[in-house]
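Q: Sequence and predicted structure, then a few things I'm wondering about:
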Amino acid sequence: MASGSVPNKYQRSDVLQTVFGSRTVLAFVFTGFLGAGVLCVYSGGTVSVSIGTSFIAGALISLATLLIDQIRNGEQLRAADLAQAGLLAAYERRDLPEYDGLVAAADQIDVAGYTLKSFSETNESALRHRAKIGHAISVRILLVDPNCDAAKIMEHSEGLSSGGYSANFESLKSKLTGIPNLEIRTIPHHLPMMIYRIDQILYTGPFPIDGRSRMAITLKLGLNGWLFERQLSEFNALWAKAIPISTLSPERT
């Protein structure tokens, strides 16, 4: 990464880490202090030697502590920022195996996408099972209207024939019909990012230009970070303006 792209608060720490993290530099620094200590010892009497030795030892310990703190400072700054943002992990793909276990134990799911074909195919059984045992998952599904211009552009990007998104949309509705506490709404415009919230974990990421969302980067966010709150607020804002489709299931509880 070019130095101009690194935040200012990191640059000083990076420089210190580079300089003081060098064994050669540390060797020169400690050699200098050791030489000063030797001169102090040979320049005075017993008391001076004792005081000088203690002083040099204390100085060496303080210097070592300072250098260690400076070397670690950049890492601590980055760790603190990541913790505040709530970024837990980053992946090079979107179809993650960890989804299944989270969905099976979930209470609430919010998901937004263009077709969500994989979501309906993968999770239909889990959603119906939870409903069958009396613990239905509350699910909000937000889809881009397959007949809007944005959907047609993405449809073409994926190399699908005209009407492919509409067919996926009808398939999703068919698979999820009759599942309690599940609602689907649509938006007639582009969806900036995928959002997939499962209780206290939220996955998000951009849609690639070629439309192949399965290979898109995915960020995993935790509940206590501002990124989680930002993306959940984005979903809620889109949901409030979205158009409900025909009722698929009994009234939400």
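A: Structure's in. What do you need?
Q: helix/strand/coil for residue 90?
A: Reduced to three states with DSSP: H, G, I helix; E, B strand; the rest coil, the structure at residue 90 is strand.
Q: What ranges does the protein have for its strands?
A: Taking DSSP state E as the criterion, the chain carries its strands at 87-91, 108-113, 138-144, 182-187, 193-198, 201-206, 218-222, 243-244.
Q: Any chance of those in a markdown table with distance to residue 170 as columns?
A: All C-beta atoms are positioned from the backbone trio N, CA, C, and that covers glycine. Rendered in a markdown table, the data for the strands of the chain read as follows (distance: least, CB to CB, whole Å):
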| stretch | distance to residue 170 |
| --- | --- |
| strand 87-91 | 30 |
| strand 108-113 | 16 |
| strand 138-144 | 12 |
| strand 182-187 | 12 |
| strand 193-198 | 21 |
| strand 201-206 | 26 |
| strand 218-222 | 27 |
| strand 243-244 | 16 |
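Q: What separation is there between residue 143 and residue 226?
A: The span separating residue 143 from residue 226 equals 27 Å under the rule CB to CB, to the nearest Å.
Q: Those two - which one has more neighbours?
A: Each of residue 143 and residue 226 had its neighbours counted (other CB atoms under 10 Å), and the higher figure belongs to residue 143 (24 against 11).
Q: which residues does the more buried one form a beta bridge with?
A: According to DSSP bridges, residue 113, residue 186 are recorded as the beta-bridge partners of residue 143.
Q: Hmm, it is touching residue 119, no?
A: No. Counting by CB atoms under 8 Å, residue 143 stays clear of residue 119, with 10.1 Å between them.
Q: Can you pull the residues that touch both of those two?
A: Common neighbours of residue 143 and residue 119, counting by CB atoms under 8 Å, 6 or more residues apart in numbering, are 113, 172.
Q: Show me the shaky parts of this protein.
A: Counting by pLDDT under 70, the chain shows low-confidence ranges at 1-83, 210-213, 246-253.
Q: what do you get if the cut-off is 90, keeping everything else the same?
A: Applying pLDDT under 90 to the predicted model, the residue ranges of the chain that meet it are 1-87, 92-95, 117, 153-164, 192, 206-217, 223-225, 245-253.
Q: ranges for the helices of it?
A: Defined through DSSP state H, the helices belonging to the chain, from first to last, are 8-20, 23-43, 46-85, 98-104, 117-132, 149-157, 164-176, 226-241.
Q: name the helices or strands packed onto the shortest one?
A: In terms of contacts (3 or more CB pairs under 8 Å, 6 or more residues apart in numbering; DSSP states H and E), helix 98-104 is packed against helix 117-132, strand 193-198.
Q: Let's have the ones you listed in CSV, adding distance to residue 109.
A: Putting those into CSV (distance: least, CB to CB, whole Å) gives the following:
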stretch, distance to residue 109
helix 117-132, 8
strand 193-198, 6
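Q: Against residue 98, how distant is residue 89?
A: Taken as CB to CB, the span from residue 89 to residue 98 is 10 Å.
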